[in-house]
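> no sequence on this one, just coordinates:
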């Protein structure tokens with residue numbers, strides 16, 4: 001697969017809240033996926049954390065909802081150039097899940113995987129300390145399937161390809177292991193404020 005650097009998008013307007021090269025999508029939320037949207041009901045959804053943890057664990061829909069509720073209120077940024085301000089996602093902080101599985105001290109990275117097979121790699125530090133969520137609500141309503149429902153990962157301080165839709169699990173590792181887009185030329189971390197769009201940026 002070739003990676004195209006042709007993300008020109010809309011004309012950029014200076015806004016100190018926008019990372020470099022981004023535009024304000026306002027009421028739009030573009031649908032961008034590497035795969036076909038699955039037909040995944042909440043009753044069929046599950047989420048597992050394994051790898052370098054003391055107690056690998058799988059949650060079903062009800063068990064995940066029984067964890068302490070948490071919400072993200074803020075902004076999101078897509079590598080294709082759009083940003084959305086003032087979004088609200090409801091779900092559970094990943095910290096609550098990690099509290100159950102107890103990551104090993106040797107764990108440094110993670111691979112998030114979707115029910116469709118999509119993967120994204122992340123430093124473990126980007127998933128802890130109140131920086132990442134498993135969410136099932138957007139703006140007070142169930143998260144739409146085209147945007148990752150019934151549940152997705154949200155890591156809002158990184159480009160949104162890291163926030164895997166239809167989240168199925170996270171595996172903790174002691175090394176970095178590229179995910180789908182990272183194997184196809186995208187940056188290993190994806191910090192929008194540093195314009196880490198492509199490998200080498």
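It's in. Note that the structure is predicted; figures quoted are calculated from it, not measured. Numbers count the residues shown, from 1 in each chain.
> would you indicate which residues of the longest helix anywhere in the chain are buried?
When secondary structure is assigned using DSSP state H, the longest helix within the chain turns out to be helix 94-101. Buried residues in helix 94-101, counting neighbours by 16 or more other CB atoms under 10 Å, are found at 94-98, 101. (C-beta placed from N, C-alpha, C; glycine too.)
> ok, the residue lying closest to residue 18 once chain neighbours are set aside - how many residues close by?
By the measure of CB to CB, 6 or more residues apart in numbering, the closest residue to residue 18 outside its immediate chain neighbours is residue 83, 5.8 Å from it. By other CB atoms under 10 Å, the residues close to residue 83 number 21.
> now do residue 110
Counted by other CB under 10 Å, the residues lying close to residue 110 total 30.
> please apply the same query to residue 54.
Burial of residue 54 is recorded as 10 neighbouring residues (other CB under 10 Å).
> before we move on, back to that, and the longest helix of the chain, what does it pack against?
Contact analysis of helix 94-101 by 3 or more CB pairs under 8 Å, 6 or more residues apart in numbering; DSSP states H and E lists strand 46-51, strand 57-60, strand 133-138 as its packing neighbours.
> tell me the contacts of the spatially closest residue to residue 142 that is not a sequence neighbour?
Setting aside the residues directly before and after it, residue 142 is nearest to residue 149 in space (CB to CB, 6+ apart), at 6.1 Å. For residue 149, the contacting residues are 136, 142-143, 166, by CB atoms under 8 Å, 6 or more residues apart in numbering.
> now swap in residue 64 and tell me
Residue 64 touches 47, 92, 134, 151, counting by CB under 8 Å, 6+ apart.
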